[in-house]
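# need a structure here:
(3 chains)
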Amino acid sequence: MGGITKRSSAALALALVVLAAAILALAAVSRAEEKPCLACHESFSPGIVGQWRDSKHSGAGVSCFDCHGAEKADPDAFDHYGETIAIIVSPKDCSGCHIKEFTEQKGSHHAKAGQILGSLDNLLGEVVGGEPAVNAGCRQCHGGIVKVGSDGRPTPDTWPNTGMGRINPDGSWGSCSACHARHEFSVMQARQPEACGKCHLGPDHPQIEVWNESKHGILYHANREKLKLDSDVWRAGQEYFTGPTCASCHMSAAGKQPVTHDVGERISWTLRPPISVKLNMVAYEDDTKDDILGENPALPAVGAMDRTKDGGMKKVKAVLTWNERRSRMQEICMQCHEKSFVAGAYVQFDEVVLLYNDKFAKPARAIIEELKKAKVISEPDFDDPIEWTWYEIWHHEGRRARHGAAMQGPDYTWWHGMYEVAKHFYTRFIPELKEVAGEKMADDLLRKYVYTQTGHLWHRDGMSKEALEKIQKFYKDRYSQ
Amino acid sequence: MGGITKRSSAALALALVVLAAAILALAAVSRAEEKPCLACHESFSPGIVGQWRDSKHSGAGVSCFDCHGAEKADPDAFDHYGETIAIIVSPKDCSGCHIKEFTEQKGSHHAKAGQILGSLDNLLGEVVGGEPAVNAGCRQCHGGIVKVGSDGRPTPDTWPNTGMGRINPDGSWGSCSACHARHEFSVMQARQPEACGKCHLGPDHPQIEVWNESKHGILYHANREKLKLDSDVWRAGQEYFTGPTCASCHMSAAGKQPVTHDVGERISWTLRPPISVKLNMVAYEDDTKDDILGENPALPAVGAMDRTKDGGMKKVKAVLTWNERRSRMQEICMQCHEKSFVAGAYVQFDEVVLLYNDKFAKPARAIIEELKKAKVISEPDFDDPIEWTWYEIWHHEGRRARHGAAMQGPDYTWWHGMYEVAKHFYTRFIPELKEVAGEKMADDLLRKYVYTQTGHLWHRDGMSKEALEKIQKFYKDRYSQ
Amino acid sequence: MGGITKRSSAALALALVVLAAAILALAAVSRAEEKPCLACHESFSPGIVGQWRDSKHSGAGVSCFDCHGAEKADPDAFDHYGETIAIIVSPKDCSGCHIKEFTEQKGSHHAKAGQILGSLDNLLGEVVGGEPAVNAGCRQCHGGIVKVGSDGRPTPDTWPNTGMGRINPDGSWGSCSACHARHEFSVMQARQPEACGKCHLGPDHPQIEVWNESKHGILYHANREKLKLDSDVWRAGQEYFTGPTCASCHMSAAGKQPVTHDVGERISWTLRPPISVKLNMVAYEDDTKDDILGENPALPAVGAMDRTKDGGMKKVKAVLTWNERRSRMQEICMQCHEKSFVAGAYVQFDEVVLLYNDKFAKPARAIIEELKKAKVISEPDFDDPIEWTWYEIWHHEGRRARHGAAMQGPDYTWWHGMYEVAKHFYTRFIPELKEVAGEKMADDLLRKYVYTQTGHLWHRDGMSKEALEKIQKFYKDRYSQ
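Numbers count the residues shown, from 1 in each chain, chains lettered A, B, ... in the order given. As a prediction, this is how the structure comes out:
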């Protein structure tokens, strides 16, 4: 797939030259430009000034106005002691210098993180919790719509917000400072796992916890000082060769893989929804992207016009199958691991996903759907206890199992993950099913969706020696072990 | 409020001069004094000696006897190879040199942390758990009463104890080594977040977890080496300008704010009790302090005699309203953040506290009180399941939501916080209410306290499109969004 | 006990000399030997090569073939571009140079961690969860059986695996790289707490979490740079004197204690099973070891022939009572703590273990046994809700309380530990008992096992003032406080 695969080092070098030229051009004017700002802010907000002085921006002559300067027509422009400025610096603003990063981020899941309005999670937040909790909770990671008051400043209920998919007054999506925190905007800081851990944590997607307990995290903490985190070019196996961080595998360069700001590019499964599926990517000419789900779906040809998910027609720039995405990740793995090690790790990961999908998620979802169809439970979620149970099985516990397996965190795979899935499936989901549906309907549903699987028979038939042997044989055959 | 607000840099300088003189005076005698101790302890407990050698104390000639020397009449004095010494070094002992810090700590909540005898938590610990768990659990943070055996040594059941509110044999409250760990007593160590995290963590007050996931924590971990943590004077925005720690905001100097050892001085809400309220402070001439709760309560005049909470009469030295306390904190914030950013952060925080208070805590508490009044549940806590549910809603989950919002940890605000509050309110508290009170009384109570609020109507009326719009409109109006 | 107690510094010195000689002998040949490997791997897997270059191995001339070279008859040997190599490097392979470490590890609990087949946890994993979860979960810490395919390479379903008790193709148990990660095999890395935290974490044995919140962890994080973690000889109180890690107390040298690779050597209680008991050790001539449980059990004489747990007869090389094991640990403690401090810490720890054992674990286990005997619940575990409750009380919550007390993590002792034990005992175990057994049998069992203890009476009799005083007096007498 042209556009994406050929982002080679030549392209990178060119981008750097362009950037350097831009910086030099700016430097002459902007060195002087920061002065009026510093006159006050040096004493009013010395921290910001100190951060900036310590940044690459300051060394390159990129000063306050270069980012905060605004046009009068900008929706969030206001007059500040005679200068027209804006508080929000959006990805579009950053793209003036960082066009490659902007382009990659534009089509990524990160940029779309604010589009959760109307989603199940948002309903849960808005209605069951309440707006202020959504504001200080969900939107601080996902990003919220930043509104501008009559004074041109962002309103206190929508600002501060550095959510990854923030919807900016200029219409752009995202927030570069979500990872490259103000006012250093440091690449070194963003390469550290804590940057990602602000949002990728907790009961529902504990990536940082999984990584911390993995060998990768262990080696990072033991060797952090040796990782050359501030190196301009930072390639696994070249500048550093231990303790990979989130960025190492999902974004940074290694082997022939260039750096990318589309963090999903190397991901082959989605572990987010109730049932995991494979992810294929279609990139359009305007650098937006769509996911096409499935093992082997119909995919458009590069160059063809294609109907996008939001209904438009766009020309296809590139297509990346789940298998190609996986190969990209595996190229990173192989900087430090043998082929058979990498293959084995993926086998072990895939099998946990399939176990979760087939043994627990598909039967539970099917049963919930039957209960709704039969009006045993009402259509809205969260007003029946069994709906909370199912929600936590897939959204919390099942994700923990899948993430644990993806990143080799055995405690999350099992104790925080599959153990909880299984415990709640047998000790909550099934009893609650019996309570809402009655024994008869429950038995029918269990017979239809659950006891068809050998792995569930112990629950109906007990753990006789014979039953246990049957189960062990089943797994042996199923997973060729 | 004179005394507290005017602890200016002049006072600080004077204190430093006094301290320096004291140190020099000590140095001449004490350099020799450590020798007899080291003769044995150098080989018996080399770690302690190594810690001391590495400390500022050792550099300033403060030696073993200066802290451990005792008078024969001291309750915990004993003879040790011909010398009269004591094991416990209390805040009163430290005050010989560190009078400013002692004075500030004396009236703080930290110093009072041991006064939980007879509290709900202590009842829970002593009766439901058991004394040994209180001893090795609660008291290792809160502090216990250190008893002295007939040999003059602290008894093994009450020692070791470095709880923050330890009740010492000399009657003083607290333990400096709770934060400045033995035997370095390092300011650098105490400035690091882990020092606070020994106690400010866990299901019931996860401050360190919240901070760790916040941008503040992320920047600390990324930049720790640059923070000049061992600087004598350590001011946000001056000596360092990123990665603020617990101490940065709650204790250390910044702008015109001097350092303080009363960690509550800059706190405007109490997030501890079932219902959060604003905190006003009255400081008395003897440096003890009382909290006066409320948005705008009657407060005594500086210089007046006032009845204290424990019934005495004392002269008022200073008064600090919740609003003044908040301004102190905001002055710290503004070293690195713009005014509108700080204002917005407080709006978002306040609204989460109010949502928690109004939507969940007040109705639940009112219902529990009605159940007790009607003798549906018995007066003692923890013998009815609904009491455990209510206890965890406010003491664990509701605090997590409030702390998350206070310190910008979105995962704690929502998933560990308000999500759990809401889930348990709807799926445990209400069903348990129906079980203990019966449908009729439960419905009456729900009508009286719960369904009066638009935000709860989905639970009674379902999630029709109309109902959802009503709820969204309510929040929009209520929180001006 | 000869062998173990007399591993003196003389023996250590000898071992080092032998090691040095071995290294020198190898160096001459192996410097050349790495070349053919690097020719490809330098570009194919540069990370591995970089790790090795940074290792002591590379400095000492230990190269690829020295570890990966194999004999044709080896079960996992295969031809790799004309060379016979194996992927797995087992402890037996490492013992060629590191015989002392291998010998110590051989009899340790670590080496036996893979022997969980047929255990309760394994049943839970295999049957209730499913094989793939056991593979990516349990076995990544415990170790699995590594099988070899027809191509001589480990099969993808059993490899990668760096579990501590891995069962290797050559029959040896363990994996040195479980702690000393590939391909640096660094002692510095293994001394850091994260190395242990890969497995010693989580809901069921949160050692790393407990340590992190303890003063030990706090001081480590504050002083990590000063700990000389890469020192060849690394003794608490000598090379370093603060921030002890897991290794410091359980493995490393201090005072007269030599370093050991049997991590259990200094442990006096087992905190793993439903009821904690004291641990005595019998070491046999072949360096395998058996645990003999109890306060004061019959122990064989050194030199005698003794029947081992797996039925063989072996000559006893050494015996270490629980009290001697405890003394070894206390010698470590006393490098930095006074005798009375250490004694008190053990009193506080022991009393939590006894409280857990006596108040909760023994009654609950007795009741479960009676329920099974009366066929009120079926023999297999996990098909009745009360079995899950009891399992989590001892396996998760009760361990957390005990580990918290062992390592001075007050939040784990209480909130994650005894609070949860007590809450679930009273609010789940007892109600579930009533549900499965009926009021009559439940009352009989409670009268027999629970209400015989003063500490439980509040639950039956309420919390009258009189009742509370009785309970407090009981604890005062019981724990001499």
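
# use CA for all of it now, contacts and neighbours both
Will do.

# A:I267: what secondary structure?
coil (DSSP: H, G, I helix; E, B strand; the rest coil).

# That one contacts A:T321, doesn't it?
No - at 10.2 Å, A:I267 does not count as touching A:T321 under the criterion of Cα atoms under 8 Å.

# More neighbours: which of those two?
A:T321 (23 against 20; other Cα atoms under 10 Å in any protein chain shown).

# number of nearby residues for the closest residue to that one other than its chain neighbours?
Leaving aside its chain neighbours, A:T321 sits nearest to A:N280 (4.4 Å; criterion: Cα to Cα, 6 or more residues apart in numbering or on different chains). Under the neighbour criterion other Cα under 10 Å, A:N280 is assigned a count of 25.

# Excluding sequence neighbours, find me the nearest residue to the residue of the stretch 151-300 of chain A found nearest chain B.
Residue nearest to chain B within the stretch 151-300 of chain A (Cα to the nearest Cα): A:P156, separated by 3.8 Å. Nearest residue to A:P156, sequence neighbours excluded (Cα to Cα, 6+ apart): B:G344, at 3.8 Å.

# Might you report the residue contacts of that neighbour?
A:T155, A:P156, A:D157, A:T158, A:W159, A:P160 (Cα atoms under 8 Å, 6 or more residues apart in numbering or on different chains).

# what's the answer for A:T321, then?
So A:T321 contacts A:L279, A:N280, A:M281 (Cα under 8 Å, 6+ apart).

# Which of the residues you listed sits closest to C:H98?
A:L279 (47.3 Å; Cα to Cα).

# The closest one looks like it's in a helix, true?
No - read with three-state DSSP, A:L279 is strand and lies in no helix.

# so what sits against both of A:I267 and A:T321?
With Cα under 8 Å, 6+ apart as the test, A:I267 and A:T321 both reach A:L279.

# Among the contacts of A:T321, which one lies nearest to C:E194?
A:L279 (33.6 Å).

# The closest one: what's it in contact with?
Contacts of A:L279 (Cα under 8 Å, 6+ apart): A:I267, A:S268, A:W269, A:T270, A:D291, A:I292, A:L293, A:G294, A:E295, A:T321, A:W322.

# pLDDT for those - can I get that in a markdown table?
Output for the contacts of A:L279, formatted as a markdown table (pLDDT from 0 to 100):
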| residue | pLDDT |
| --- | --- |
| A:I267 | 98 |
| A:S268 | 98 |
| A:W269 | 98 |
| A:T270 | 97 |
| A:D291 | 95 |
| A:I292 | 97 |
| A:L293 | 97 |
| A:G294 | 97 |
| A:E295 | 97 |
| A:T321 | 98 |
| A:W322 | 98 |
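
# Buried ones only from those residues, please, as a ChimeraX command.
Filtering these down to the buried ones (16 or more other Cα atoms under 10 Å in any protein chain shown) takes a single ChimeraX command:
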select /A:267,268,269,270,291,292,293,321,322
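
# What is the nearest of the contacts of A:L279 to A:D204?
A:T270 (14.0 Å).

# Just list whatever residues bridge to that closest one.
A:V277 (DSSP bridges).

# For the stretch 301-450 of chain A, list the residues in contact with chain C, please.
Within the stretch 301-450 of chain A, the positions near chain C by Cα under 8 Å from any Cα of the partner chain are A:334-338, A:340-341, A:343-345, A:347-349, A:351-352, A:355, A:405, A:408-416, A:418-419, A:422-423, A:427.

# Can I have the buried ones of these as a ChimeraX selection?
Buried members of these, defined by 16+ other Cα under 10 Å, are picked up in ChimeraX with:
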select /A:334,335,336,337,338,340,341,343,344,345,347,348,349,351,352,355,405,408,409,410,411,412,413,414,415,416,418,419,422,423
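
# Which ones among the residues of the stretch 301-450 of chain A next to chain C map onto helices?
Among those, the members found in helices (DSSP state H) are A:340-341, A:343-345, A:347-349, A:351-352, A:355, A:405, A:410-413, A:419, A:422-423.

# Model confidence for A:L26, exactly?
A:L26 is assigned 46 on the pLDDT scale.

# Relative to A:I367, how far out is the residue nearest to A:P156?
To A:I367, B:G344 is 45 Å away according to Cα to Cα, to the nearest Å.

# buried residues in stretch A:434-444?
A:K434, A:V436, A:A437, A:A442, A:D443.

# The first one against A:L445, yeah?
No - shown here, A:K434 and A:L445 do not form a contact pair, counting by Cα under 8 Å, at 10.0 Å.

# can you list contacts of stretch A:77-91?
A:65, A:67-72, A:76, A:102, A:151-154, A:168, A:170, A:172-176.

# swap that for stretch A:362-378, sorry
Counting by Cα under 8 Å, 6+ apart, A:P274, A:I275, A:E379, A:D384, A:E387, A:W390, A:V436, A:A437, A:L445, A:Y449, A:V450 sit against stretch A:362-378.

# so who does the fifth one touch?
Applying Cα under 8 Å, 6+ apart, one finds that A:E387 lies in contact with A:I368, A:D381.

# what about it, helix or strand, and which?
helix A:385-392 (DSSP states H and E).

# Strands of the stretch 201-350 of chain A, residue ranges please.
A:235-236, A:253-254, A:269-270, A:277-284, A:289-293, A:305-307, A:313-320 (DSSP state E, counting those that start in this stretch).

# A:G398 - that's part of a helix, no?
Yes - using three-state DSSP, the secondary structure at A:G398 is a helix.

# Tell me which residues touch it, please.
Counting by Cα under 8 Å, 6+ apart, A:G398 has contacts A:Y356, A:E392, A:G417, A:M418, A:V421.

# Can you tell me which of those residues has the most neighbours?
Highest neighbour count within the contacts of A:G398, by other Cα under 10 Å: A:M418, with 33 neighbours.

# near chain B, which residues of the stretch 51-200 of chain A?
A:51, A:125-138, A:140-141, A:153, A:155-160, A:181, A:188-189, A:192, A:194-195, A:197-199.

# same deal with the stretch 201-350 of chain A?
A:L201, A:G202, A:P203.

# Skipping its backbone neighbours, what lies nearest the last one in space?
Spelled out, that is A:P203. Per Cα to Cα, 6+ apart, closest to A:P203 is A:H396, 5.6 Å.

# who are the neighbours in contact with the one you found?
Applying Cα under 8 Å, 6+ apart, the residues near A:H396 are A:P203, A:D204, A:H205.

# Can you tell me which of those residues lies closest to A:S95?
A:H205 (29.8 Å).

# so the closest one touches A:R400, yeah?
Yes - counting by Cα under 8 Å, A:H205 does reach A:R400; the two are 6.3 Å apart.

# So those two - more neighbours on which side?
A:R400 (34 against 23).

# ok, the more buried one - contacts?
Applying Cα under 8 Å, 6+ apart, the residues near A:R400 are A:P203, A:D204, A:H205, A:P206, A:Y412, A:T413, A:H416, A:G417, A:M418.

# 6 Å instead, please
A:Y412, A:G417 (Cα atoms under 6 Å, 6 or more residues apart in numbering or on different chains).

# Just the pLDDT at it, thanks.
98.

# so how far is C:H416 from it?
20 Å.

# quick one: low-confidence parts of the stretch 1-150 of chain A?
Scanning the stretch 1-150 of chain A for pLDDT under 70 picks out the ranges A:1-33, A:117-118.
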